[in-house]
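> Coordinates for the following, if possible.
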Amino acid sequence: MTKIGMSRRRLLEAGACALTGAVSLPGVACAQAETGLSAAKEQVVRKYYAAWEQKDWDRFNILLADNFTFTSAHNDDHISKSVFKTRCWETQVDFIKRFELERVIGNGNDAFVKYLCFTNNGKSFRNVEYLRVTDEKLEAIECYFGGQSSFASAVGGGQN
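Numbering: from 1, shown residues only. Down below sits the predicted model:
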């Protein structure tokens, strides 16, 4: 019989990896079997980005739930709809020319969007956002910026 040498540490690492793989595989298979984002919820998401391009707060506001919150790494921690309007919409809407939605994926009430945004001054930036859609309204958005220099305000010539 041939002996194969393996330290206890390597044995524990191998066991942990095997256990992780065994536990995670059924979850992956289950996630792939689910139906994804409904057409109605995807439409709400797409209308949200189109509203930026239309620059019409009323059309935009209709998509946001009363309890809407926005979170980003730019000092926005679950800010309310009214704070979002003042801090984000009013300061950024004139910089936004259009969005190219590269990926819209989701499941149930959760959607992830990867987009390329083109600004009115000829620059662009890429972000990823998590959106929660409940009752055909956006309840929450978490924005993950591509890089600090890619904030719309940064590419807009230093405006806040």
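
> What residues sit buried inside stretch 91-98?
Gln92, Val93, Phe95, Ile96 (16 or more other Cβ atoms under 10 Å). (Each C-beta comes from the backbone N, C-alpha and C, glycine too.)

> moving C-terminal of the helix or strand containing Val44, what's the next helix or strand?
Assigned by DSSP states H and E, Val44 belongs to helix 39-54. The element immediately downstream of helix 39-54 (helix or strand, assigned by DSSP H and E) is helix 57-61.

> Check which residues of that following helix are buried.
Phe60.

> Stretch 75-89 now?
Asp76, Ile79, Lys81, Phe84, Lys85, Arg87, Cys88, Trp89.

> Shouldn't Lys85 be within a helix?
Yes - remark: Lys85 belongs to a helix, assigned using DSSP: H, G, I helix; E, B strand; the rest coil.

> Could you pull up phi and psi at the residue nearest to Asp94 when sequence neighbours are not counted?
Using Cβ to Cβ, 6 or more residues apart in numbering and skipping the chain neighbours, the partner closest in space to Asp94 is Asn120 (6.8 Å). Per-residue torsions, Asn120: phi -70, psi -10 (degrees, to the nearest 10).

> Tell me who's in contact with Asn120.
By Cβ atoms under 8 Å, 6 or more residues apart in numbering, the residues touching Asn120 are Asp94, Phe95, Ile96, Lys97.

> Just send those residues back as TSV, with secondary structure, distance to Lys55 and pLDDT too.
Putting the contacts of Asn120 into TSV (DSSP: H, G, I helix; E, B strand; the rest coil; distance: Cβ to Cβ, whole Å; pLDDT from 0 to 100) gives the following:
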residue	secondary structure	distance to Lys55	pLDDT
Asp94	coil	8	94
Phe95	coil	11	93
Ile96	strand	8	94
Lys97	strand	10	96
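
> that older thread, farthest pair within the buried residues of stretch 91-98?
Put simply, by Cβ to Cβ the two of the buried residues of stretch 91-98 set farthest apart are Val93 and Phe95, 7.3 Å from each other.

> follow-up on the earlier one: with distance to Asn127 as extra columns, can I get the buried residues of stretch 91-98 in TSV?
Output for the buried residues of stretch 91-98, formatted as TSV (distance: Cβ to Cβ, whole Å):
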residue	distance to Asn127
Gln92	12
Val93	16
Phe95	13
Ile96	12
